[in-house]
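this is a predicted model, with the sequence first.
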Amino acid sequence: MHADSGNAGNAGNAGNAGNAGNAGNAGSPGNAEIVEHFGTTDDVDVLVLGGAGVDTIVHVPELPLPYADSYMIDGGIRARAGQTGDFVALGLTALGLRVHHLDFLGDDPEGDLVRALHREQGIALTAIPQPAGTKRAVNLVGPDGRRLSLYDNSRGRPDDRFPQDTLRTLAAASRHAHVSITHPCAEALPVLREAGVGISTDLHNWDGENPYHEAFAYEADVVFVSVTALTDPEATMRRIAERGHAEVVVATAGAKGAYLLTGGELTHIPAAAPPGPVVDSNGAGDAFASAFLFGRLGGEPPHRCAEFGALAGAYACTVPSTDSAAMPRDALPARAAATGR
């Protein structure tokens, strides 16, 4: 299926098939030949590419953190599975969509955490062997929920590529593909476009200038970006729409809400009130994207999709950074009704 609209229905999740065994050729220079699969590859609502990894969470007394020889961390230091692709897959699955996640994973403790998260949450996964190891980062989280992320850039190789046969098979079975900006997802964009599947991406804190992000920005039909590093968010949004395929561009602005560009019209989407105390902003953008895509695949207009995103993003801010949780399907319309959205 290639439709990027229409009613998603009450779809079950894709990951209850257990372990389907190890099969397939990785097809990438230097990669091992065994591709690990579990969960179904049939009738996928959203194929999530990239963004699988582990974050080590450190709660610090303030950000920026003043220099000191050492700090005592009262809340402990904890590693948990969940980077951008994991959180989007988790959010979509919690909203009842059938999801398949494709990425590189190492044969290491971090990879085991990612595999366990997908099995526990019923998210289908295809893991390409990564000898360099599973992606990882350290997140310093301040008392106000803001974070500073330190990414380990050694967990990948320039010649990494998704196996073409695997990518084409999954794309052919999917209604939509959400593409993380992690390497080597840019190389997959032409294959997804050729397959006719709808494409979305999140540029995160793009400054509007870094050329690495441009392939994602101009190839996707739906583009999410944070205003954090943009000097002129509206100009960047319009440039994305004019130069690329984007039908919708969304710029998220944290507590100030978001900005929606569609059909040449720019609209402000007010922020939603969090349903509890704000403890961490980690994953809020991924939650926004998940709920937006849920609405889009269900045939909702862009403004309504953005309102869904605002509600889910606010909910994510109430979830501790050490947890992996997402707004469930029945809670989204309830929150929308309760807040008058």
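Yes, it's here. Residues are numbered from 1 along each chain as shown.

for the stretch 51-200 of the chain, what spans make up the strands?
Remark: strands assigned in the stretch 51-200 of the chain by DSSP state E, counting those that start in this stretch are 53-59, 77-81, 99-105, 124-129, 135-141, 147-151, 174-179, 198-202.

ok, which of those comes nearest A255?
Across the strands of the stretch 51-200 of the chain, A255 has its closest neighbour in strand 147-151 (14.8 Å, CB to CB). Yep, even glycine has a C-beta here, placed from its N, CA and C like the rest.

give me the angle between that closest one and strand 53-59.
140 degrees (axes from the mean of the first three to the mean of the last three CA atoms, to 10 degrees).

relative to strand 135-141, how tilted is strand 147-151?
Using the same axes, to 10 degrees: strand 147-151 against strand 135-141 is 160 degrees.

can you give me the helices for the protein?
Secondary structure of the chain (DSSP state H): helices at 84-94, 109-121, 164-172, 189-195, 214-219, 233-243, 284-297, 302-316, 331-338.

let me have the ones you listed in CSV, extended by mean pLDDT.
Listed next are the helices of the chain as CSV, based on pLDDT from 0 to 100:
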stretch, mean pLDDT
helix 84-94, 95
helix 109-121, 96
helix 164-172, 96
helix 189-195, 97
helix 214-219, 98
helix 233-243, 98
helix 284-297, 95
helix 302-316, 93
helix 331-338, 74
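
so which of those comes closest to P270?
Between P270 and the helices of the chain, the tightest spacing by CB to CB is seen for helix 302-316, at 7.2 Å.

tell me the buried residues in that closest one?
For helix 302-316, burial by neighbour count (16 or more other CB atoms under 10 Å) applies to 302, 304-316.

which strands and helices sit next to it?
Under the contact criterion of 3 or more CB pairs under 8 Å, 6 or more residues apart in numbering; DSSP states H and E, helix 302-316 touches strand 248-252, strand 258-262, strand 265-269, helix 284-297, helix 331-338.

any idea which of those gets closest to G53?
G53 lies closest to helix 284-297 among the helices and strands packed on helix 302-316, at 12.6 Å (CB to CB).

what are the buried residues along the closest one?
284-297.

please identify the deepest-packed of the strands of the stretch 51-200 of the chain.
Ranked by mean neighbour count under mean count of other CB atoms under 10 Å, those are led by strand 99-105, which reaches a mean of 28.

need the CA coordinates for that one. PDB is fine.
Extracted C-alpha coordinates of strand 99-105, given in PDB (Å, rounded to 0.1, in the frame of the first residue of the first chain):
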ATOM      1  CA  VAL A  99       5.000   0.000  12.500                       C
ATOM      2  CA  HIS A 100       8.200  -1.600  11.200                       C
ATOM      3  CA  HIS A 101      11.500  -0.200  12.300                       C
ATOM      4  CA  LEU A 102      14.600  -0.600  10.100                       C
ATOM      5  CA  ASP A 103      18.100   0.300  11.300                       C
ATOM      6  CA  PHE A 104      21.600  -0.900  12.100                       C
ATOM      7  CA  LEU A 105      22.300  -2.500  15.500                       C
END
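
any idea how far it is from the chain center?
Strand 99-105 sits 11 Å away from the centroid of its parent chain (CA atoms, centre = their mean, to the nearest Å).

what about stretch 271-282, start to end distance?
End-to-end span of stretch 271-282 (CA to CA, to the nearest Å): 16 Å.

columns distance to D207 on top of the helices and strands packed on helix 302-316, output as TSV?
Converted to TSV, the helices and strands packed on helix 302-316 look like this (distance: least, CB to CB, whole Å):
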stretch	distance to D207
strand 248-252	13
strand 258-262	17
strand 265-269	20
helix 284-297	16
helix 331-338	32
